[in-house]
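Asker: everything below, folded, please.
(one chain, ligands or ions: 1)
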Amino acid sequence: MGMTAVITGASGGFGYEFAKLLAGDGYDLVLIARSGDKLKKIAKNFERRYGVAVYVLEKDLSERDAALEVFSFATERDPSSEILINNAGFGDYGSFAEGDYEKLTQMVDLNDRTLMQLTRLFLQPMIAAGKGRILNVASIASFMPGPQMALYYATKAFVLSLTEGLSEELRGTGVTITALCPGPADTGFVKRANMPGARLSDIFRFTKPSGVAKAGYRALMKGRTIKVPGVLNFLASVGVRLLPRRLVRRIVYRFQR
Ligand SMILES: NC(=O)c1ccc[n+]([C@@H]2O[C@H](COP(=O)([O-])OP(=O)(O)OC[C@H]3O[C@@H](n4cnc5c(N)ncnc54)[C@H](OP(=O)(O)O)[C@@H]3O)[C@@H](O)[C@H]2O)c1
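Answerer: Numbers count the residues shown, from 1 in each chain. A predicted model of the protein is given here:
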C-alpha cells in the first residue's frame, strides 16, 4: 500500500491544487467536500493520470460528527495516513450583529471545531507511528482583527494559535504541523463570502491557488511551523506586529468597508 494523504475541501481552490501535487508525487488520496460529483470527476482524472488510488467522501464538514466519519473512512482505507490537510473553510462578509446566525455557527464548526477534531484524531496514530505531517490552512487574517469579517478572522486566529502551540508539543515525536497563511487568492472563496471583490482587487493582486498550494506543500514537507506565501503578505504579517493594534484594526476596516 502506498502513502495516503487526507485533504478536506478538495473539490476546488487550494484543496484541489494540494490533491494534484500529492497525486503527482504518488500519494493515494482521501478527498472530502460537499460536492461529491466534482470529487468523483477529480478522482477519475487523477487515478488515470497519476496511477494512484483516490477515495471520495461527500460530506458537510460543519456537521457535528463529520470528523469521526472522515477518520473512520480514511483509516478503513489506510490505517496510517501520512498527511492530513485541513483546508476546507469559508468566510462571510458583513456586520456580525446582522449576519445569519446559522451561517456564522457553521463557519466556526467548519473552520475550527472540525479542524481541531480531525487534528486530534489523526495525531494519535501519527504519534504512535513516529511520523506524519499536518497542514492547517489558516490565513493572513490569522494575524489581525477583521472588522466586516470579524468572525472569519477570529476563526483563522484560532487555527494559527492552535497550530503553533501543537508544533512545540510535537517536538521530537516525528510528527510536524504547519500553518499556511495565504493572502487573497483566486479561488471560490471571495464569491462564497459575498466579499466586494472588485474593491479588494484594487488593493491586492489575487494570487493563483497553484502557487499558494506549492508553497504550502513545500513548507509541509520541510516541517515548518508557519508559512506566509508571497512577499507582500509576509510583510503585512510582520507589519501588523509592529503597529499599534488600534491602528491595525482601523486600516483593515478601511480596506474592507
Ligand atoms: N482564497 C483566499 O483568498 C484565501 C485566503 C486565505 C485563506 N483561505 C482559506 O483557504 C481554504 C480553502 O479555501 P479556498 O480559497 O480554496 O476556497 P474555495 O475555492 O471556496 O474552496 C473551499 C473548499 O472547501 C470546501 N467546503 C466548503 N464548505 C464545506 C463544508 N461545509 N464541508 C465540506 N467541505 C466544504 C469546498 O467544497 P464544497 O463546496 O464542495 O463543499 C471547497 O472544496 C479555506 O480554509 C479558506 O479560509 C483562502
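
Asker: pLDDT weak spots in this structure?
Answerer: 1, 197-205 (pLDDT under 70).

Asker: which strands and helices lie in contact with the helix or strand encompassing Ala23?
Answerer: Assessed by DSSP states H and E, Ala23 sits inside helix 13-24. Counting contacts by 3 or more CB pairs under 8 Å, 6 or more residues apart in numbering; DSSP states H and E, helix 13-24 packs against strand 4-8, strand 28-33, helix 36-50, strand 83-86, helix 209-222. (Each C-beta comes from the backbone N, C-alpha and C, glycine too.)

Asker: now do it against strand 4-8, angle only.
Answerer: 170 degrees (axes from the mean of the first three to the mean of the last three CA atoms, to 10 degrees).

Asker: turn the helices and strands packed on helix 13-24 into JSON lines, columns for mean neighbour count.
Answerer: Shown next, in JSON lines, are these (neighbours: other CB atoms under 10 Å):
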{"stretch": "strand 4-8", "mean neighbour count": "27"}
{"stretch": "strand 28-33", "mean neighbour count": "27"}
{"stretch": "helix 36-50", "mean neighbour count": "16"}
{"stretch": "strand 83-86", "mean neighbour count": "28"}
{"stretch": "helix 209-222", "mean neighbour count": "19"}
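
Asker: redo the ones you listed as a markdown table? Include distance to the ligand.
Answerer: What follows is the helices and strands packed on helix 13-24, written out as a markdown table (distance: least, CB to the nearest ligand atom, whole Å):
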| stretch | distance to the ligand |
| --- | --- |
| strand 4-8 | 6 |
| strand 28-33 | 4 |
| helix 36-50 | 6 |
| strand 83-86 | 8 |
| helix 209-222 | 6 |
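
Asker: now distance to Leu151 too, for these, in JSON lines please.
Answerer: Below are the helices and strands packed on helix 13-24 laid out as JSON lines (distance: least, CB to CB, whole Å):
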{"stretch": "strand 4-8", "distance to Leu151": "20"}
{"stretch": "strand 28-33", "distance to Leu151": "22"}
{"stretch": "helix 36-50", "distance to Leu151": "27"}
{"stretch": "strand 83-86", "distance to Leu151": "18"}
{"stretch": "helix 209-222", "distance to Leu151": "23"}
